[in-house]
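*Asks:* give me a 3D structure for the following:
(one chain, ligands or ions: 1)
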Amino acid sequence: MPRLTQADLADRNRTFESRSPQELLKWAIETFPGRVAAISAIQQAGSIICHMIGTLKLEIPVLFVDTGVNFPETLATRDAISSSYGLDLRTLQPKQTMEEQTAERGVIYLTTDGQKECCRLRKIEPLAAVADDFDCLISSLRRTDEGQRSLCPILTADPAMNVLRLAPLVNFDDANMAQYLDSHDVIVNPLHAQGYPTVSCNRCTTPVVENEPRRAGRWRHLGPWQAYCGINPTDLDMDTKTSIELAQPLIDRILGREADFMI
Ligand code: SF4
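*Replies:* Numbering: from 1, shown residues only. Predicted coordinates:
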């Protein structure tokens, strides 16, 4: 099977820097018809991706990983977004409930290694279980967010799931995001207005106080704000030697070697 490396994507990534998020979403549906999905944790940026998919009427399903310990506000926002924007929203779940996991393994997310394992079981495994259905997964990562995300490319080869990752919002700064949310009256998780800049499981997310980093409320018990769940590979590693296996015609489309798919 032909391979597509991260280095192969360099030119495409350069040309995509000037594309709008909407143009990148349209490129995705044209390049991967029936084989592309968005992942949303129903945070602000994910709500924007959902709004764009809905208003552009793109046939892109939205995958939401329900770890079983999400805030009720998150689940209510997911349902409101799905029905209001007419989305094909698919909820993925881990094999075990949190109660079953705790009975078998204890409260593992309180340690650094345990957090990685818990996120693997409750977030990454449910997504990996459906990864074969897709060649491209869309995220809502932004370079404005701290840490490794400041380096996030628009296109990333994800060897773990053997898919291309597309991040259409990487150049959306805070002002862009506020303007889009406001002008389109996007449905957002009410927890954002209650001191939660980012939101994940209720076990590992707390509000932040003024002047704390945006992600200070995530895995606060582990400090010093370096932890990530790993569902986005660019949070962990950006090795240009990584590669994925795809059919040659699809690689040609991704790299813009077929004029019909140029944008
Ligand atoms: S955020 Fe916390 S509770 Fe949720 S999957 Fe990760 S470690 Fe487990």
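*Asks:* beta partners of the residue nearest to residue 130 when sequence neighbours are not counted?
*Replies:* Of all residues not flanking residue 130 in the chain, residue 92 sits nearest, at 6.5 Å (Cβ to Cβ, 6 or more residues apart in numbering). Using the backbone N, CA and C atoms, a C-beta is placed for each residue, glycine as well. Beta-bridge partners for residue 92, by DSSP bridges, are residue 65.
*Asks:* roughly how far apart are residue 92 and the ligand?
*Replies:* In this view, residue 92 and the ligand are 13 Å apart by Cβ to the nearest ligand atom, to the nearest Å.
*Asks:* residue 136 reaches residue 166, doesn't it?
*Replies:* Yes - if you go by Cβ atoms under 8 Å, residue 136 and residue 166 touch, sitting 5.7 Å apart.
*Asks:* neighbours of the residue nearest to residue 130, how many?
*Replies:* For residue 92, the count of nearby residues is 17 (other Cβ atoms under 10 Å).
*Asks:* what's the answer for residue 254, then?
*Replies:* 24.
*Asks:* distance of the closest residue to residue 167 other than its chain neighbours from residue 111?
*Replies:* Among residues not flanking residue 167 along the chain, residue 141 sits closest, at 4.5 Å (Cβ to Cβ, 6+ apart). Plainly put, residue 141 is 26 Å away from residue 111 if you go by Cβ to Cβ, to the nearest Å.
*Asks:* neighbour count winner among those two?
*Replies:* With neighbours defined as other Cβ under 10 Å, residue 141 and residue 111 compare such that residue 141 has more, 25 against 14.
*Asks:* give me phi/psi at the more buried one?
*Replies:* Backbone torsions for residue 141, taken as degrees, to the nearest 10, come to phi -70, psi 150.
*Asks:* contact partners for it?
*Replies:* Taking Cβ atoms under 8 Å, 6 or more residues apart in numbering, we find residue 141 in contact with 45, 149, 152, 167, 169-170, 232, 234.
*Asks:* hmm, the residue nearest to residue 130 is touching residue 66, no?
*Replies:* Yes - counting by Cβ under 8 Å, residue 92 does reach residue 66; the two are 6.9 Å apart.
*Asks:* joint contacts of these two?
*Replies:* By Cβ under 8 Å, 6+ apart, residue 92 and residue 66 have no common neighbours.
*Asks:* so which bits of this protein are right by the ligand?
*Replies:* 67, 69, 109, 115, 118-119, 122-123, 200-201, 203-204, 229 (Cβ under 6 Å from any ligand atom).
*Asks:* mind checking the end-to-end distance for stretch 48-63?
*Replies:* 14 Å (Cα to Cα, to the nearest Å).
*Asks:* name the residues that touch it?
*Replies:* Under Cβ under 8 Å, 6+ apart, the answer for stretch 48-63 is 21-22, 25-26, 28-29, 34, 36-40, 42, 81-82, 84-90, 92, 127, 130, 137-138, 140, 168-169, 172, 177, 180-181, 184, 186-187.
*Asks:* the residue nearest to residue 130: what's it in contact with?
*Replies:* Residue 92 is in contact with 63-66, 126-127, 129-130, counting by Cβ under 8 Å, 6+ apart.
*Asks:* and which of those is nearest to the ligand?
*Replies:* residue 65 (8.8 Å; Cβ to the nearest ligand atom).
*Asks:* burial measure for that closest one, as a count.
*Replies:* Neighbour count of residue 65, defined by other Cβ under 10 Å: 23.
*Asks:* pretty sure it contacts residue 41?
*Replies:* Yes - Residue 65 is within contact range of residue 41, at 7.3 Å (criterion: Cβ under 8 Å).
*Asks:* residue 12 touches residue 253, doesn't it?
*Replies:* No - if you go by Cβ under 8 Å, residue 12 and residue 253 don't touch, sitting 10.7 Å apart.
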